[in-house]
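Asker: model this:
(2 chains, ligands or ions: 1)
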Amino acid sequence: MTEIVMSQTPPILHGPSEKEKKYDRQLRLWAASGQAALESANLLLVNSGPGVVGIETLKNLVLPGIGRFAIYDEATVGDADLGVNFFLDADFLGKSRSKCLTELLLELNPEVHGAWYPSQENATSLDDMLATSPVFTAIMYTFPISPQRLSILEAYGQQHKTPLVAIHSAGFYSYFRIHLPGAFPIVDTHPDETATTDLRLLSPWPELVDFAKSMTQDIDSLDNFEHGHLPYVVILLYYLEKWRETHGGANPITYKEKTEFRSTVAAAARTNNPEGGEENFDEAVAAVLKTIVPPSLPSGLKEVFEYEPSEPIEERSSFWIVADAIKAFYAKHNCLPLRGNVPDMKAQSKVYIQLQNIYKAKARLDAAEVLETAQAIAPGRHFDPAEVELFCKNAPFVKLINATKGGNIASASSVDRLQDVTAQELANDESAELTLMPLSLLPIYLALRATSHVASASADEILAEVAKIIPGANENERIVQAAQEVARAEGGELHNVAALTGGMVAQEMIKIITKQYIPIDNTCIFDGIGSRCQVLRL
Amino acid sequence: MASAEAYPGSEPARWKYLDQIRTRAGPFTDPDTFYGSKVASEMDRMNVLVIGAGGLGCEILKNLALSGFKNIHVIDMDTIDISNLNRQFLFRQADVGKYKAEVAAAFVMRRVKGVHITAHNKMIQDFDEDFYMKFQLVVCGLDSIEARRWINATLVNMVDEDIEDSVKPLIDGGTEGFKGQARVIIPTITSCIECQLDMHAPRAAVPLCTLASIPRQPEHCIEWAHVIAWDEEKPFPKLDKDDPEHITWLYQKALLRAREFNIPGVTYSLTQGVVKNIIPAIAATNSVIAAACCNEALKISSSCAPALGYPADNYMMYSGNDSVYTYTFRHEKKDDCPVCGNLARDLVVDPSGTLRDLVDSLAVRPEAQLKKPSLRAQNKTLYMQSPASLEEQTRPNLDRTLVELGLGDGDEVAVTDPAFATVSFKFRLVFRKAAS
Ligand SMILES: [Zn+2]
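Answerer: Numbers count the residues shown, from 1 in each chain, chains lettered A, B, ... in the order given. All right, here's what the predicted structure looks like:
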């Protein structure tokens, strides 16, 4: 055993800091890098109406430690607020709602800063506030909102490339819609661990081939312990070699060939041992269909490769340069940089670690090549090798959100798009009974959207507004029902629906701020009667 | 429809938004079950039980109070830990160490005037059926599958055709990271938590021989320190997973072992995560799931809109990892559910295996998940965990094969477990054909 001296410092010093303890359950999701991004974020909420959904969103962002928030809300606290908003109480009646909300939200986390508007001392108007505040990382606004105010926010978003999030919650219904300033790529998408296995069994590199050969050259003379502890990677490489010898050098590719290959592996397990079988061979058999696959280009990455950012190379973020370098790597090698992880498998410790190191070394080599290419594409620019390594590791899972050319906010109100999607969704609904698909929630969006700028409206008024865009909407039963349901709320929020929607929006804000996991693209509609949601690109 | 009159209860100005919805029919409201004029007074009188005052529980209490419920009880025996503060928004730094149920109840009552919340700093198992019978609705926000199964079994057992209102709807939420689920159970009528058990399969345990001789992963080193080294060295009288000193001991042991085998990746955080089986948790997801549960509570109590449960969908799965995705469906009741069905559940077994193999396997089989099972066949006791004398008497059976014990293909075995005092799980042995 290697000699290891127990650390001389008191053991407790190795433990987490107070802050790490407080944030432990979330650091396990987005790590210190994600936490740092949250702590440097500055969010604005422009609040209106009953104003609950925005506050529930902020609650879920103050708790995990967002850096700073500001609330712009012109309302004073009234009786109805006390029945629906948890962050107000009777002592605040008649006072500025933004001030009271800010005070009570700040109680949740002493590390967070908050500001409220309008106020006499600070800015008195939305324009003032935007002009005098530090630049916002993202802006959320709730409906109803006046068209003038909305255009102020949109102009700000365009100028500062600020993501805008529109949120509407009324009665049992809600939706939120994210306007991102241009294409939004994510590298750290956190794919399911089981989906990430890439063992390159059909295109092993020399070190891996040599390693497998060294373990299997006398496979039949191995004792039962050694034979029963061959890692399944080695087993599969050995029998693939054998297969090629009898199949004109070709690998098993079709399903039929793979199942046949699987049988030969299964038949090779020793059964004349006390266990009557071998676990490592069981693992090998189970891994055949999933791991014996030729390299391919996943759709998410393909989209990144094909996307042409509008900026010239010098102005592009390092993401696009590294993406180009990986594209060049793929063109040259006909495979992506190796991810380098090896799933756990039955093996002796030493052998497994050796195998792991072979994969890691190759992954590092591939990443180094990508880094070199990136530097050739953008000479003089500095690339963080860790960032390049992460990109290489996650290459098959990178995702591009809002991949429209320029992705401008002006197109946000594009009526054409809404008409197209409506036609598609209503057509889907016609065959829903056959396809067993749930009915579209688009009628909810249409009905809520019709009340974007008014405190409340009757079902007829809502239908008339919808019909301006979707002719004949007033004859569609589901749109009529949605309009009636929205009218029932009279612009009021149900606390549960506000809290639920606020939870979803907070998740999205976290994803956008940390650039981890995958945000929606771009509208999420929630139906509190059927208890389900639908995401549509509108 | 929308123009219909609302029926406000007390404080109409304050509850305006709620009353507009809960006392007026909408296009989806079932007119046969909805009486708008009675909703407010009926909800005023209802007793709702909340189980758990943690991440979901705090949200649930807030949501119920703002949904018009006036009489709420909450059960939780836990005290507040610093790691709760990132999401359990009713607690502050100064509350660390106090009872969750007590602090949460007091906070919500202070903020939402007119709601009465009774806190019980106890375990759910400390209460009897008379206690549970007082409630019209149970909302669960728990992190333990055992507690969920216990309350589920208790509520199913309480159903008595002769007792009015003995069917207590159970609304259950759970989260993990960005994902979660909300479900409604109408005991004996819909699929129950036990019916759905295999949707929450336990993580496969690492074989002991891997821990003992061929570790490969940092988790193997940590489990080795936890399961083997601790027992051998007993550095403290009893392992307290919340004591940083104990975790540090395990961490250093694991680290030494990892270095011996050149295994990278053992950290304090991972050690803590593995030993305590920590599930990542954030405010946002709790907000989604707790609100989904309480939204159902409001719909069930007022009939102002169709709720999950019966006869429609009863289960909502939620995932926020990759975009936002919900799958809301109807989980079918199982005839062979050990709690709410009448048929024995099939259990595939190896006839040449020992009773010990069977007993051990019950803990990990997704369809059983029983950790301390006692087994009885038709006419004989196979193995009893207690009392000690009976355990000793039946212990030799553990090393006999099922065939030696006279068990046959298709025989029924009744299993009890101290975690489910009243319930006997019926299984039907199905002999696995010998490997060919
Ligand atoms: Zn059941």
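Asker: for the spatially most central residue of chain B, give its distance to residue A:302.
Answerer: For chain B, the residue nearest the mean C-alpha position is residue B:148 (3.0 Å; C-alpha atoms, centre = their mean). Per C-beta to C-beta, to the nearest Å, residue B:148 is found 43 Å from residue A:302. C-beta: built from backbone N, CA, C; applies to glycine.
Asker: how many other residues sit next to the nearest residue to residue B:226 once chain neighbours are set aside?
Answerer: Nearest non-adjacent residue to residue B:226, counting by C-beta to C-beta, 6 or more residues apart in numbering or on different chains: residue B:275, 5.3 Å away. Residues lying near residue B:275 (other C-beta atoms under 10 Å in any protein chain shown) number 21.
Asker: show me what the helix or strand that residue B:275 is a member of is packed up against.
Answerer: Using DSSP states H and E, residue B:275 sits in helix B:268-276. Under the contact criterion of 3 or more C-beta pairs under 8 Å, 6 or more residues apart in numbering or on different chains; DSSP states H and E, helix B:268-276 touches helix A:24-39, helix B:218-223, helix B:244-260.
Asker: dump the ones you listed into CSV; add mean pLDDT and distance to the ion as well.
Answerer: Below are those laid out as CSV (pLDDT from 0 to 100; distance: least, C-beta to the ion, whole Å):
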stretch, mean pLDDT, distance to the ion
helix A:24-39, 97, 31
helix B:218-223, 97, 33
helix B:244-260, 95, 38
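Asker: kindly report the residues of the stretch 51-200 of chain A close to the ion.
Answerer: Taking C-beta under 5 Å from the ion, no part of the stretch 51-200 of chain A reaches the ion.
Asker: now the helices for the stretch 51-200 of chain A?
Answerer: Here the stretch 51-200 of chain A has its helices, by DSSP state H, counting those that start in this stretch, at A:52-62, A:79-82, A:97-106, A:126-132, A:147-160.
Asker: what's the answer for the stretch 51-200 of chain B, then?
Answerer: B:55-65, B:100-111, B:129-133, B:145-158.
Asker: and residue B:318, that's in a strand?
Answerer: Yes: counting by DSSP: H, G, I helix; E, B strand; the rest coil, residue B:318 is part of a strand.
Asker: OK, contacts around it?
Answerer: Residues near residue B:318 by C-beta atoms under 8 Å, 6 or more residues apart in numbering or on different chains: B:179, B:180, B:181, B:182, B:285, B:288, B:289, B:292, B:324, B:325, B:326.
Asker: kindly report the same for residue A:515.
Answerer: So residue A:515 contacts A:37, A:186, A:187, A:188 (C-beta under 8 Å, 6+ apart).
Asker: including distance to residue B:34 and mean neighbour count, could the helices and strands packed on helix B:268-276 go into JSON lines?
Answerer: What follows is the helices and strands packed on helix B:268-276, written out as JSON lines (distance: least, C-beta to C-beta, whole Å; neighbours: other C-beta atoms under 10 Å in any protein chain shown):
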{"stretch": "helix A:24-39", "distance to residue B:34": "41", "mean neighbour count": "19"}
{"stretch": "helix B:218-223", "distance to residue B:34": "53", "mean neighbour count": "24"}
{"stretch": "helix B:244-260", "distance to residue B:34": "54", "mean neighbour count": "20"}
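Asker: make a markdown table out of those helices and add distance to residue A:229.
Answerer: Output for these, formatted as a markdown table (distance: least, C-beta to C-beta, whole Å):
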| stretch | distance to residue A:229 |
| --- | --- |
| helix A:24-39 | 32 |
| helix B:218-223 | 15 |
| helix B:244-260 | 18 |
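Asker: between the ones you listed, which gets nearest to residue B:103?
Answerer: Of all these, helix A:24-39 sits nearest to residue B:103, with 18.7 Å by C-beta to C-beta.
Asker: what's the domain layout of chain A?
Answerer: A:24-188+A:495-536, A:193-291, A:299-397, A:414-489 (automatic domain parsing).
Asker: and the third one, how far apart are its ends?
Answerer: Start to finish, the residues bounding domain A:299-397 are 9 Å apart (C-alpha to C-alpha, to the nearest Å).
Asker: and if you look at the longest one?
Answerer: Using C-alpha to C-alpha, the end-to-end distance of domain A:24-188+A:495-536 comes to 34 Å.
Asker: whichever strand or helix holds residue A:351: which residues count as buried?
Answerer: Per DSSP H and E, residue A:351 falls inside helix A:349-377. Across helix A:349-377, burial judged by 16 or more other C-beta atoms under 10 Å in any protein chain shown covers A:349, A:351-359, A:362-364, A:366-367, A:369-371, A:373-375.
Asker: now do stretch A:160-175
Answerer: Neighbour-count burial for stretch A:160-175 flags A:162-175 (criterion: 16+ other C-beta under 10 Å).
Asker: wait, which of the helices of the stretch 51-200 of chain B is closest to residue A:295?
Answerer: Comparing the helices of the stretch 51-200 of chain B under C-beta to C-beta, the one sitting nearest is helix B:145-158, at 40.3 Å.
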